[in-house]
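> my questions are about this predicted structure, shown below with the sequence.
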Amino acid sequence: VQHSTLLPARVAVPNAQLQVITAPQEGLVEVLLVAEGERVHQGQPLVRIQSPRLLELQSQYLETLSRYTLANSNYRRDQQLNKEGIIAERRLLESRAAFMEVSTSLARLRRLLEIAGMDEPALNDLQKRRELSSTLIVRAPLDGVVLEQMVTAGNRVAAADPLYRIADLDPLWLEIHLPLEQLGATAPGQPVLV
């Protein structure tokens, strides 16, 4: 084994294992549930944000859901009436267009709520109970370690503002800065003492 001089090196997290967690909606950071250096698991709550925009989206969703129910009922009734020859084809087409428009709006609002951090059970609960909440829980998207906390409790955040940097630390890279003149004396698989 050939011994060399000491070389500078840097430990790095591979890009695929590093993620910046951002605020899905604007609001006020109410409480941070983890700190730098803590290990987190996928789905674990990281931060609680009070978001008036979330209330607005939920309200729009519930209003559109009511319009969807009515439009669906009207469309089904018009299908039956058209089949029996009581109404014209044009009225059926109008009720179908109204139903499709509201259906699209409902799907868009549901997707916006999902992006805002509401999962399927929370959306179903909102639909069932019709109770609005301005509390937004941001969860860890992966298992890892909190490398950096980028906000503090009481901060106002905009949508997409960074909150945390989290990384999976297995494996890590070691970037060794090797002078060009020593490059010829190194080979893949050569042991390195760290």
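Alright, I've got the coordinates.
> what comes up buried for the longest helix along the chain?
In the chain, assigned by DSSP state H, the helix with the most residues is helix 52-83. Using 16 or more other C-beta atoms under 10 Å as the test for burial, helix 52-83 gives 53-54, 57-58, 60-62, 64-65, 67-68, 71, 74-75, 78, 82. (Each C-beta comes from the backbone N, C-alpha and C, glycine too.)
> which helices and strands does the helix or strand that it is followed by pack with?
Later in the chain than helix 52-83, the nearest helix or strand by DSSP states H and E is helix 89-115. Judged by 3 or more C-beta pairs under 8 Å, 6 or more residues apart in numbering; DSSP states H and E, helix 89-115 is in contact with helix 52-83, helix 120-129.
> mind redoing it with 7 Å?
helix 52-83 (3 or more C-beta pairs under 7 Å, 6 or more residues apart in numbering; DSSP states H and E).
> ok, back up a step: from the buried residues of helix 52-83, pick the one nearest Ala153.
Using C-beta to C-beta, Leu54 is the member of the buried residues of helix 52-83 that sits closest to Ala153, with 18.1 Å.
> for that closest one, what are its contacts?
25, 116, 134, 136 (C-beta atoms under 7 Å, 6 or more residues apart in numbering).
> for those residues, which two are the farthest from each other?
Pairwise distances across those (C-beta to C-beta) peak at 11.0 Å, for the pair Ala116 and Ser134.
> the two: which has the busier surroundings?
Using other C-beta atoms under 10 Å as the criterion, Ala116 and Ser134 rank with Ala116 on top: 21 against 17.
> pLDDT score assigned to the more buried one?
At Ala116, the model reports a pLDDT of 87.
> residues contacting the closest residue to Glu101 other than its chain neighbours?
Leaving aside its chain neighbours, Glu101 sits nearest to Ala71 (7.9 Å; criterion: C-beta to C-beta, 6 or more residues apart in numbering). Contacts of Ala71 were listed using C-beta under 7 Å, 6+ apart, and they are 98-99, 102.
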